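Chemist: Here is a sequence together with a model predicted from it:
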Amino acid sequence: MEKLVEGELRNRTTVHEFILEGFPAVQHLGHIFFLIHLLAYLTSIMGNMLIIMIIWADHRLQTPMYFFLSNFSFIECCLITSVIPKLLTIFLSGRQTISFAACFTQDFICLFLGATVFFLLSVLSLDRYLAICKPLHYPTIMNPRTCYLLVTSCLALGFFFMVVPVAMLSQLTFCGPNIIPHFFCDFGPLTNLSCSDTRSIEILFFNLAFFVLGSSLVITIIAYSNIIVTVMRLPSAKERQRAFSTCSSHLLVLSLMYVSCVFIYVKPNQASRLDSNREAALVNTVVTPLLNPLIYTLRNKQVHQALRDALSRVKLQK
């Protein structure tokens, strides 16, 4: 019986391309949604690039925290660039097809950069812990070599954690249908389309996603628990407020990203709630990258001052 099933799978037409369904309920409003998402995409890119340029141009912001933040902003730009242009094409021209290779490449890039972002957020938590709880040792520990090593480690961990499940998924049989109920090639919808037995891959991916999100969350909870204890012991209310203000932006970004990613990825059955995953993924790939630059600039006095100084220099040059 098993040999018969395998023979039937081999005889079926192999899928060479996929169709991204996008948002069929609003496809008739494609041009309107194209403009909305294009504006959001350009604003996200410009906002994150502005943060990077300010950090690298102002020597006062060339500290470990802002070094990690600039890397975070750059990865966010790469992440949304791997997803949004294809969504814009779907809205504008209705071209929903994507090749097999391009689909799995997009899936890997999204998961790799997404995992890297969470490892980087845990590094930011650790940085804030050392800066507030171990201020005397902070300059020694967070030296430039350590900062570069931490960022490289985040990238390496993101790559090695996600390359295996995506490579395994790409080796499965896809014999139709080839319609992905999503606006990009995400792991869950692709798993659901395979004709092969995907249980082992789903379990592997669930464990990896749980580890990536869980380890980052545990590090953040431990770091901020110690931060809260340390800050509450400060004698001055002004000192407590200043210490908390350096962490509030980071906590807001963490909250936005954890809620959407836990909802999408940390569940054993990837076939469940695909429709609701689409909306959650939209928040994670459009809304959060758009809000991140606003959160980090509006709530940060040092960035405010650097912006004012940069604008003043521009006016003087004119």
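Modeler: Nice, thanks for sending it over. Numbering: from 1, shown residues only.
Chemist: Count the neighbours of Val164 for me.
Modeler: 13 (other Cβ atoms under 10 Å). (C-beta placed from N, C-alpha, C; glycine too.)
Chemist: Can you tell me the element it falls in?
Modeler: Using DSSP states H and E, Val164 sits in helix 144-170.
Chemist: in that helix, what's buried?
Modeler: Neighbour-count burial for helix 144-170, counted by 16 or more other Cβ atoms under 10 Å, picks out 147, 150-151, 154-155, 157-158, 161-162, 165-166, 169-170.
Chemist: what helices or strands is it leaning on?
Modeler: helix 64-81, helix 100-133, helix 187-193, helix 199-232 (3 or more Cβ pairs under 8 Å, 6 or more residues apart in numbering; DSSP states H and E).
Chemist: is it possible to export the ones you listed to TSV including mean pLDDT and distance to Met142?
Modeler: As requested, the helices and strands packed on helix 144-170 are exported to TSV (pLDDT from 0 to 100; distance: least, Cβ to Cβ, whole Å):
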stretch	mean pLDDT	distance to Met142
helix 64-81	91	4
helix 100-133	91	6
helix 187-193	87	34
helix 199-232	88	14
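Chemist: just so I know, which of these lies nearest Pro289?
Modeler: Set against Pro289 and scored by Cβ to Cβ, the helices and strands packed on helix 144-170 come closest in helix 64-81, at 4.9 Å.
Chemist: In contact with Phe100, which residues?
Modeler: Phe100 makes contacts with Val15, His16, Glu17, Phe18, Phe174, as judged by Cβ atoms under 8 Å, 6 or more residues apart in numbering.
Chemist: middle-most residue in the protein, spatially?
Modeler: By Cα atoms, centre = their mean, the chain has its centre lying nearest to Gly114, at 3.7 Å.
Chemist: mind checking the SS state of Asp197?
Modeler: Following DSSP: H, G, I helix; E, B strand; the rest coil, Asp197 is assigned to coil.
Chemist: and it, how many neighbours?
Modeler: Burial of Asp197 is recorded as 10 neighbouring residues (other Cβ under 10 Å).
Chemist: For this protein, give me the ranges with low pLDDT.
Modeler: 1-13, 237-240, 242-250, 260, 262-277, 296-301, 304, 307, 310-318 (pLDDT under 70).
Chemist: residue ranges of the helices in the stretch 201-318 of the chain, please?
Modeler: All helices of the stretch 201-318 of the chain, identified by DSSP state H, counting those that start in this stretch, fall at 237-265, 274-282, 288-298, 301-317.
Chemist: before we move on, back to that, pairing partners for the very next helix or strand once past the helix holding Val164, with directions?
Modeler: Next helix or strand after helix 144-170 toward the C-terminus (DSSP H and E): strand 179-180. Applying DSSP bridges, strand 179-180 is found paired with strand 17-20 (parallel).
Chemist: buried sites along the partner strand?
Modeler: For strand 17-20, the neighbour count (16+ other Cβ under 10 Å) marks Phe18, Ile19, Leu20 as buried.
Chemist: Which single one of these is nearest to Ser194?
Modeler: Closest to Ser194 out of these is Phe18 (11.7 Å), distances taken as Cβ to Cβ.
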